[in-house]
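Asks: Below: sequence and its predicted model.
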Amino acid sequence: MGLVVQKYGGSSVADAEGIKRVAKRIVEAKKNGHQVVVVVSAMGDTTDELIELAEQVSPMPAGREFDMLLTAGERISMALLAMAIKSLGHQAQSFTGSQAGVITDSVHNKARIIDVTPGRIRTSIDEGNIAIVAGFQGVSQEGKNITTLGRGGSDTTAVALAAALDAEVCEIYTDVDGVFTADPRVVKKAKKIDWISFEDMLELAASGSKVLLHRCVEYARRYNIPIHVRSSFSGLQGTWVSNEPRGDQQVEHAIISGVAHDVSEAKITVVGVPDKPGEAAAIFRTIADAEVNIDMVVQNVSAASTGLTDISFTLPKAEGRKAIDALERAKPTIGFESLRYDDQIAKISLVGAGMKTNPGVTAGFFEALSDAGVNIELISTSEIRISVVTRADDVNNAVRAVHSAFGLDSDSDEAVVYGGTGR
């Protein structure tokens, strides 16, 4: 048997009983002959509670100290899990991200992994231990400061360790039985997908699917690490994410893999932009210099009478204030008239590699939204994805309508959500 990396989310280790249940599953893998490395998130809502505590102390906490605070949650989980495993008669050692050799850049709160040097982890498992690693964190290459990887960073930690250790598989344990055709909290008849390609999973993750982080899937595709998304609350097979199907999994791509939605974005409209070369570049250079990521972009046709146009784009709500402030400072240079900010929007995306060769998918998507009475504000497409922005109040009805229109509803039991967060 080879080496397996397992990652457990906050809902899986939310309390002492959860930690003991996870410890038994880990020990079972060890008994089956695997070398086991475990990546663990903070317990339950610990990270959110630490964020709220920091905001009570300081409205804008310094990045370095903020990271020092947030990494405490994972350190608690890893130590408790190691204790639980030892109580079952097996040896375990816990490691922080820096001790595990997770090397990152110097961007606090959303660092990116540069390298993984898992010498201590390899030594530990070669000595017969189960290695428990704190997810979501690392150490900067320059300055040796503690860093965090941003929301969902434990998934990326797990895949990065799996690649560095040449693991057979990276198992991501969560509170649902796998990847579904839609969020089972919204669509009760969502189907579990047995196998999905990296390509389709990347689009679903980027479009708001909460089961896997986009960066995690991107890393897995780059190093060809199969991911098995499973529930820590059941023994059922989950969803395999890989380049090729495994065993008897379906070989042919489904036309549509799923429907994703995202309510964490906002929309900024730059009103009255001079319609001439360089203006859009100046706007998006300003946004880039503020280290804000953008998603969808739409520019209106300019008015002939004024020579002015409007440019709209979406971005994470959490970065809205930073983007507005940066644009306001650049207003005299760019020369636009005003800014409009809207955080009551939602993005709905239809994803599937099969839509490249199946006409009528786009028409069916928009007809389903029309029949549900959903108005569309922005549209963006790729070869295997169609995304639209709507009002946030319409998102649940829109997702259900599109899911049903493409025959994705299950005829069997409703999807089970064992926890409540989806991670």
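Replies: That came through fine.

Asks: Show the residue spans covered by the strands in the stretch 101-250 of the chain.
Replies: Secondary structure of the stretch 101-250 of the chain by DSSP state E, counting those that start in this stretch: the strands cover 102-104, 113-116, 130-134, 137-140, 146-148, 169-174, 195-197, 227-231, 239-242.

Asks: Quick one: closest of those to Asp15.
Replies: Among the strands of the stretch 101-250 of the chain, strand 169-174 comes nearest to Asp15, with 15.6 Å by C-beta to C-beta. The way it works is simple: take the backbone N, C-alpha and C, and place the C-beta from them, glycine included.

Asks: how many other residues sit next to Val229?
Replies: Other residues lying near Val229 total 26 when counted by other C-beta atoms under 10 Å.

Asks: what residue ranges in the stretch 101-250 of the chain score low on pLDDT?
Replies: 246-250 (pLDDT under 70).

Asks: Using TSV, please lay out the strands of the stretch 101-250 of the chain together with distance to His403.
Replies: As requested, the strands of the stretch 101-250 of the chain are exported to TSV (distance: least, C-beta to C-beta, whole Å):
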stretch	distance to His403
strand 102-104	38
strand 113-116	34
strand 130-134	37
strand 137-140	36
strand 146-148	34
strand 169-174	20
strand 195-197	16
strand 227-231	19
strand 239-242	17
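
Asks: Mean neighbour count, those: which tops it?
Replies: Across the strands of the stretch 101-250 of the chain, averaging neighbours per residue (mean count of other C-beta atoms under 10 Å) puts strand 130-134 on top, at a mean of 29.

Asks: among the strands of the stretch 101-250 of the chain, which is nearest Ser257?
Replies: strand 195-197 (5.8 Å).

Asks: just checking, what packs against the closest one?
Replies: Other elements packing on strand 195-197 under the criterion 3 or more C-beta pairs under 8 Å, 6 or more residues apart in numbering; DSSP states H and E are strand 239-242.

Asks: which residues are in contact with the strand it packs on?
Replies: Under the criterion C-beta atoms under 8 Å, 6 or more residues apart in numbering, residues 178-179, 192-198, 201, 212, 217, 220, 224, 226-230, 246, 249 lie in contact with strand 239-242.

Asks: give me that answer again for 10 Å
Replies: Contact with strand 239-242 is made by 169-170, 172, 176-180, 192-198, 200-202, 204-205, 211-212, 216-217, 220-221, 224-230, 246-247, 249, as judged by C-beta atoms under 10 Å, 6 or more residues apart in numbering.

Asks: Buried among these? Need that as a selection in ChimeraX.
Replies: Those of the contacts of strand 239-242 that count as buried under 16 or more other C-beta atoms under 10 Å are selected in ChimeraX with:
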select :169,170,172,176,177,178,179,180,192,193,194,195,196,197,198,200,201,202,204,205,211,212,216,217,220,221,225,226,227,228,229,230
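
Asks: Around the residue lying closest to Ile130 once chain neighbours are set aside, count how many other residues there are.
Replies: Leaving aside its chain neighbours, Ile130 sits nearest to Ala92 (4.4 Å; criterion: C-beta to C-beta, 6 or more residues apart in numbering). Counted with other C-beta under 10 Å, the neighbours of Ala92 add up to 25.

Asks: Ala92 and Gly101, how far apart?
Replies: To Gly101, Ala92 is 18 Å away according to C-beta to C-beta, to the nearest Å.

Asks: Gly128 too?
Replies: From Gly128 to Gly101 the distance is 20 Å (C-beta to C-beta).

Asks: Neighbour count: those two, which is higher?
Replies: Shown here are Gly128 and Gly101; by other C-beta under 10 Å, Gly101 has more neighbours (21 against 10).

Asks: who's in contact with the more buried one?
Replies: By C-beta under 10 Å, 6+ apart, Gly101 lies in contact with 95, 115-122, 133, 138-139, 160-161, 164.

Asks: Nearest to Leu3 among the strands of the stretch 101-250 of the chain would be which one?
Replies: Among the strands of the stretch 101-250 of the chain, the nearest to Leu3 by C-beta to C-beta is strand 169-174 (9.1 Å).

Asks: how far off strand 227-231 does that closest one point, in degrees?
Replies: 30 degrees (axes from the mean of the first three to the mean of the last three C-alpha atoms, to 10 degrees).

Asks: Parallel or antiparallel, which strands does strand 169-174 pair with?
Replies: Applying DSSP bridges to the sheet, strand 169-174 is found paired with strand 3-8 (parallel), strand 227-231 (parallel).

Asks: Check for me that Thr390 belongs to a strand.
Replies: Yes: assessed by DSSP: H, G, I helix; E, B strand; the rest coil, Thr390 belongs to a strand.

Asks: What's the local residue count around it?
Replies: Counted by other C-beta under 10 Å, the residues lying close to Thr390 total 21.

Asks: Could you check the pLDDT of it?
Replies: The per-residue pLDDT reported for Thr390 equals 96.

Asks: again with the one 5 residues further on
Replies: Reported pLDDT at Val395 in the predicted model: 95.

Asks: And the one 3 residues further on, by the same measure?
Replies: Per-residue confidence at Ala398 stands at 96 (pLDDT).

Asks: re the thing from before, export the strands paired with strand 169-174 to TSV and tack on distance to Arg285?
Replies: Below are the strands paired with strand 169-174 laid out as TSV (distance: least, C-beta to C-beta, whole Å):
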stretch	distance to Arg285
strand 3-8	37
strand 227-231	36
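
Asks: Can you check which of those strands gets nearest to Ile386?
Replies: Among the strands paired with strand 169-174, the nearest to Ile386 by C-beta to C-beta is strand 227-231 (24.0 Å).

Asks: C-alpha coordinates for the closest one, PDB please?
Replies: C-alpha atoms of strand 227-231 as PDB (Å, rounded to 0.1, in the frame of the first residue of the first chain):
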ATOM      1  CA  ILE A 227      -8.400  13.800  -5.500                       C
ATOM      2  CA  HIS A 228     -11.100  11.800  -3.800                       C
ATOM      3  CA  VAL A 229     -13.800  14.000  -2.200                       C
ATOM      4  CA  ARG A 230     -15.600  12.100   0.500                       C
ATOM      5  CA  SER A 231     -17.700  12.600   3.700                       C
END
